[in-house]
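Colleague: quick one, structure for this:
(chains A and B, ligands or ions: 2)
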Amino acid sequence: MKYVLSFNLNGLPVDTLVKATDTLLDVLREKLNVVSPKRGCDNGDCGACTVLVNGEPVRACLTIGLTVAGKNVQTVEGLQQDGKLHPLQRAFHEHYAAQCGFCTPGMLIAAKALLDKNPKPTREQIVEGISGNLCRCGTYVEVVEAIQAVAAGKYKE
Amino acid sequence: MAEYVGQPVLRYDGIGHVTARTRYVDDIQLPGMLYIKVLTSPVHKGIIRHLDTSAAERMPGVAGVITAKDVPGKNAYGLIPDQPVFTPEHIRYKGERIAAVAAVDEDTAMEALEKIKLDIEEQEPVFDPFKAMEPGAPLVRPEGNVWEFNSGKTRKIRFGDVEKGFAEADVIVEGTYTTATNDHAPMEPQVSVAYIDETDRLAIYTVSQDLYFHLGMLTAIFNLPMNKIRYIGGTVGGGFGSKNDIHCDHVAGLMALKIRKPVKYRHTRREETAYTTKRGPWTFYFKDGVKKDGRIIARYVKTVHDTGGYAGMGPYVVDKNSILVAGPYAIPNVWVDGICVFTNKPPCSSMRGFGIINGTAADQLQTARVAEAIGKDPWEVHFINAWREGDLGATQFKVEAAGLIEAMKRAAELAGIELPAHLKAMSSRGR
Ligand code: FES
Ligand code: FES
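Modeller: Ligands and ions are numbered 1, 2, ... in the order given. Alright, predicted model coming up:
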């Protein structure tokens, strides 16, 4: 049994056929070929699959696909505007905040969720904001510095 | 050059990473691609008495099933090629591969696995490497549970005369240290995509850290010349040594060769943690002969490394550990015996330093214990014994570009530790 799932993906409407058991991660990666959310654990542990649903960061691997019907879903594919990198993307690149890069999309989304709500976070709030995202390469220091640089206004849109 | 030296250089792949345009292997989807699941052994040790895959092959949605019979070349791989892709008979660890199914999706493939009839005669396993070395222990391997180096059952390092050193010592300090099994846990689990390309070559998208090393093993397994395998890699979502061993490419490649369709084989995090190669556990026994002034004049080390059911890089890991386990010190008398033991556990292999840092952990604890025994500060013992330029290591190599003392001074500075003046005056350039 399949259902039609309609939602907004990075500002554009999409319709796709899904099973009731498909997670949002399955829908994005396997059905829509939107592969920035990564399948690090498929178990809610690593944060590599983090996306925004109506502005809230969620783990796509723990979100049943059908629950995003009619909602706005944002992924790293939608971060660039008019071909220009988002300030967080520039800051991550220039601060070497991505080593193998596998955790990076989830980190970027977690960082965006934080700054959208709290544009001037303290270091502790930044650490808290990315505390659900594992980086096995250990880029945490660089990630925090990159987010601090954006918060300090060093990367204007 | 001048434009680079002393300048930060942005990563060439950085923009790809921050825009998520970097394509990892699991991001690749090919039209008509099928998904593989693998039947693994539910027991730690045993013999396969009966294997019948016919019901799985007949299941709707299943495109093919492969077992040891479907390996056209050598059913063995590894740095020491002793591990079968699919075991034909003997099971040496829980999780050993027995058969693989390709189906329209992973759920269907898993259902098909349940239809495979498998009859295993279970045998008594052995998990503790010390028990595995005892006479009469269950045999993990027909040839015995202790790896045969070209130097016999131990990797031997001999330098000077340790007995003479112990006799001349003021104090003897002994210690036993153990380190546990570690999983690499890269954020990207093991995955492989294989298909037959437009020129009839077998194409494989790989997460390998060792493309040419693995390509050599794959030619033997597939019985294909290198120019018939298109091995595409270079993008790795973290490896830390786990991708020094093949975990998926052989299975995906064999399936693509048999069913001539694109396939993907990927591990779940659970499979990754349970079945892939590990950093093996170690036991280190140290005996040091020490002078009251802080000089270590004799060091005996016996190590036991548990490499699991297959060699992996275990013997090589023991080699590297044995060479360096006595530490970066000018000790005139050194004796090291390194032992590599098979047990009924997943094979152990490389992880960040091939056993060197396990040895360093043990050496650091032992050296601290030496300091305690003679009532000195550990810094003092490290500084007094540290290699100087031109010293001889235990394997008779001459130390060049020595820098340990300078590195320790800097470490102390960063840690906010004020070293006494006589240590600060020391240098790696001489004693
Ligand atoms: S893949 Fe969702 S939390 Fe790890
Ligand atoms: S950059 Fe590799 S896991 Fe974070």
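Colleague: use CA for all of it now, contacts and neighbours both
Modeller: Fine.
Colleague: how does chain A divide up, domain by domain?
Modeller: Domain assignment for chain A, taken from automatic domain parsing, gives A:2-76, A:87-151.
Colleague: pretty sure B:Lys94 contacts B:Lys45?
Modeller: Yes. Counting by Cα atoms under 8 Å, B:Lys94 does reach B:Lys45; the two are 7.2 Å apart.
Colleague: touching both of those two, which residues are there?
Modeller: Residues touching both B:Lys94 and B:Lys45 (Cα atoms under 8 Å, 6 or more residues apart in numbering or on different chains): B:Asn344.
Colleague: same drill for those two, tell me which one is more crowded.
Modeller: B:Lys45 (27 against 19; other Cα atoms under 10 Å in any protein chain shown).
Colleague: OK, contacts around the more buried one?
Modeller: Taking Cα under 8 Å, 6+ apart, we find B:Lys45 in contact with B:90-94, B:122-125, B:140, B:344.
Colleague: and the pLDDT at it?
Modeller: With respect to pLDDT, B:Lys45 has a value of 98.
Colleague: and A:Thr16, helix, strand or coil?
Modeller: Three-state assignment for A:Thr16 (DSSP: H, G, I helix; E, B strand; the rest coil): strand.
Colleague: residues touching it, list them.
Modeller: Residues near A:Thr16 by Cα under 8 Å, 6+ apart: A:4-6, A:31-32.
Colleague: what's the answer for A:Leu115, then?
Modeller: By Cα under 8 Å, 6+ apart, the contact set of A:Leu115 is A:121, A:151.
Colleague: likewise for A:Asn43?
Modeller: So A:Asn43 contacts A:61-62 (Cα under 8 Å, 6+ apart).
Colleague: now swap in B:Asp319 and tell me
Modeller: By Cα under 8 Å, 6+ apart, the contact list for B:Asp319 reads B:155, B:338.
Colleague: identify the bridge partners of B:Glu122.
Modeller: Per DSSP bridges, the residues bridged to B:Glu122 are B:Gly46.
Colleague: are any of the contacts of A:Thr16 buried, and which?
Modeller: Among those, the ones that count as buried by 16 or more other Cα atoms under 10 Å in any protein chain shown are A:5-6.
Colleague: how about the secondary structure of B:Leu257?
Modeller: helix.
Colleague: so which of the contacts of B:Lys45 comes closest to chain A?
Modeller: Nearest to chain A, judged by Cα to the nearest Cα, of the contacts of B:Lys45 is B:Lys94 at 21.4 Å.
Colleague: which helix or which strand is home to that closest one?
Modeller: In the assignment (DSSP states H and E), B:Lys94 maps to no helix and no strand.
Colleague: local confidence estimate at residue 155?
Modeller: Just so you know, I chose chain A. At A:Tyr155, the model reports a pLDDT of 95.
Colleague: actually, chain B is the one I wanted.
Modeller: B:Arg155 is assigned a pLDDT of 97 by the prediction.
Colleague: thinking again about what came up before, in a markdown table, list the contacts of B:Lys45 along with pLDDT and distance to ligand 1.
Modeller: A markdown table is the format used below for these (pLDDT from 0 to 100; distance: Cα to the nearest ligand atom, whole Å):
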| residue | pLDDT | distance to ligand 1 |
| --- | --- | --- |
| B:His90 | 97 | 35 |
| B:Ile91 | 98 | 32 |
| B:Arg92 | 98 | 31 |
| B:Tyr93 | 98 | 27 |
| B:Lys94 | 97 | 25 |
| B:Glu122 | 98 | 36 |
| B:Gln123 | 98 | 37 |
| B:Glu124 | 98 | 37 |
| B:Pro125 | 98 | 34 |
| B:Val140 | 97 | 36 |
| B:Asn344 | 98 | 30 |
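Colleague: ok, B:Ser54 - contacts?
Modeller: For B:Ser54, the contact set (Cα under 8 Å, 6+ apart) comprises B:Ile116.
Colleague: quick one on the thing from earlier: just the buried residues of the contacts of B:Lys45.
Modeller: The buried subset of those - by 16+ other Cα under 10 Å - is B:90-94, B:125, B:140, B:344.
Colleague: contacting residues for B:Val251?
Modeller: B:Val251 touches B:85, B:100, B:265, counting by Cα under 8 Å, 6+ apart.
Colleague: with secondary structure and distance to B:Ser322 as extra columns, can I get those in TSV?
Modeller: Listed next are the contacts of B:Val251 as TSV, based on DSSP: H, G, I helix; E, B strand; the rest coil; distance: Cα to Cα, whole Å:
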residue	secondary structure	distance to B:Ser322
B:Val85	coil	30
B:Ala100	strand	39
B:Tyr265	strand	37
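Colleague: pick the one among these closest to ligand 1.
Modeller: B:Tyr265 (17.2 Å; Cα to the nearest ligand atom).
Colleague: which ones are touching that closest one?
Modeller: B:35-37, B:191-193, B:248, B:251-252.
Colleague: one more: B:Gln364?
Modeller: Neighbour list for B:Gln364: empty [criterion: Cα under 8 Å, 6+ apart].
Colleague: can you give me the strands for the stretch 101-250 of chain B?
Modeller: Ranges of strands in the stretch 101-250 of chain B, per DSSP state E, counting those that start in this stretch, are B:117-122, B:155-159, B:171-179, B:191-196, B:202-205, B:229-232.
Colleague: shaky segments in chain A?
Modeller: For chain A, applying pLDDT under 70 flags no range at all.
Colleague: what does it have sitting close to ligand 1?
Modeller: Counting by Cα under 6 Å from any ligand atom, chain A comes close to ligand 1 at A:39-49, A:59-61.
Colleague: quick check on the residues you listed: which are buried?
Modeller: Buried, going by 16+ other Cα under 10 Å: A:39-42, A:44, A:46-49, A:59-61, out of those.
Colleague: quick one: the helices in the chain?
Modeller: Answering for chain A, as no chain was given. Using DSSP state H, the helices assigned to chain A run over residues A:24-26, A:87-94, A:104-117, A:123-129, A:140-151.
Colleague: correction: the question concerned chain B.
Modeller: Along chain B, counting by DSSP H, helices occupy B:14-19, B:54-58, B:106-114, B:129-132, B:162-168, B:211-222, B:249-259, B:269-275, B:314-324, B:356-373, B:378-385, B:404-414, B:421-424.
Colleague: how about these, which one is nearest ligand 1?
Modeller: Ligand 1 sits nearest to helix B:269-275 of all those, at 9.0 Å, using Cα to the nearest ligand atom.
Colleague: touching chain A at all, that closest one?
Modeller: Yes. Using Cα under 8 Å from any Cα of the partner chain, helix B:269-275 reaches chain A at B:Arg269.
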